[in-house]
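> below are the sequence and a predicted model; questions follow.
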Amino acid sequence: MIKPKTEEEIELLRENAILVSKTLAEVGKAVAPGVTTKTLNKVAETFIRDHGAVPSFLGFEGFPAAICASVNDVVVHGFPSDYVLKEGDIVSTDIGTLYKGYNGDSCYTFPVGEVSAETRKLLDVTKESLYRGIAAAVAGARVGDIGYAVQSYAESFGFSVVRELEGHGIGREMHENPGVPNYGRPGRGTHLVDGMVLCIEPMINAGGKAVYLDRNGWSVHTADRKYAAHYELTIVVRKGRAEQLSTFDFIEKDGTIKF
Ligand code: MG
Ligand code: MG
């Protein structure tokens, strides 16, 4: 039995979600050819700490940085490094906060300069698959409805869904039940109830679904080395329509940056 969050808890999760959303936008402003992923990490960590929060990924099960910076064929859990971003790359930045005892967790995949039409399609379809998943996350539905919505949309473009990783509940812990796979069958899995807070996070590969774990023990790569995209938002299951706690509006509606 998964206990829904109280409205007080949801407000604390919202504060985290907004901070993560703003942090993603700060990182987005810094994304450009010639910039290292370590620089993006620094931007995020500084912004989070300046707002009185803690970057929750740093030290999480030994993770060495404040953000995951996953470039091109890295699906998730890339280490920020001295790698210099170049035109045509994509970089997914996954960011977590711990603030007032609750967690935030969201991710955006940024294009670096101009990317190919195929890459643009991967980004657009992955993001739209997230919104389809959110639309399915209503009280009375089940976790499989979310996965089905994500999977059926992404696969209709010939892309594939990573199976090894999934979304999750969030609260005092970054990862809580239920797990939220990005594939599934309608009407199956955990029942969704009003007040349940979930991170939905499609990880979509341009090529095949197979992945492998890097020697660093963390980073997940596509087996065929084709690009992967990853977007994540935190939502509250509600009757009729899910409520988004985190948002990409700070990135996309700023007026100066266009992703
Ligand atoms: Mg995340
Ligand atoms: Mg997550």
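Yep, that arrived. Residues are numbered from 1 along each chain as shown. Ligands and ions are numbered 1, 2, ... in the order given.

> wait, doesn't Leu213 sit right on Ser219?
Yes - the pair Leu213 / Ser219 is scored as a contact, 7.4 Å apart, by C-beta atoms under 8 Å. C-betas here are computed from N, CA, C, even on glycine.

> looking at those two, which is more packed in?
The residue with the greater number of neighbours, taking Leu213 and Ser219 and applying other C-beta atoms under 10 Å, is Ser219; the counts read 20 against 12.

> what's the first helix or strand after the helix or strand harbouring Tyr153?
When secondary structure is defined by DSSP states H and E, Tyr153 falls within helix 143-155. Sequence-wise, the next helix or strand downstream of helix 143-155 (DSSP H and E) is strand 160-161.

> starting at the chain centroid, how far to the helix or strand bottoming out on mean pLDDT in the chain?
For the chain, scoring each helix and strand by mean pLDDT, DSSP states H and E identifies helix 249-252 as the least confident one, at a mean of 96. Offset of helix 249-252 from its chain centre (C-alpha atoms, centre = their mean, to the nearest Å): 15 Å.

> close to ligand 2, is the lengthiest helix in the chain?
Across the chain, the longest stretch assigned as helix under DSSP state H is helix 7-30. No - no part of helix 7-30 sits close enough to ligand 2 to count as contact by C-beta under 5 Å from the ion; the gap is at least 10.3 Å.

> who are the packing partners of that helix?
Helix 7-30 makes packing contacts with helix 37-50, strand 90-99, strand 102-111, strand 197-200, strand 233-236, helix 249-252 when contacts are defined by 3 or more C-beta pairs under 8 Å, 6 or more residues apart in numbering; DSSP states H and E.

> and of the ones you listed, who's closest to Glu11?
strand 102-111 (9.3 Å; C-beta to C-beta).

> just for the stretch 151-259 of the chain, where's the confidence low?
Counting by pLDDT under 70, the stretch 151-259 of the chain contains low-confidence ranges at 254-259.

> name the residue of it that lies nearest to ligand 1.
Glu232 (4.7 Å; C-beta to the ion).

> what residues are up against that residue?
94, 105-108, 130, 167, 199-201, 246 (C-beta atoms under 8 Å, 6 or more residues apart in numbering).
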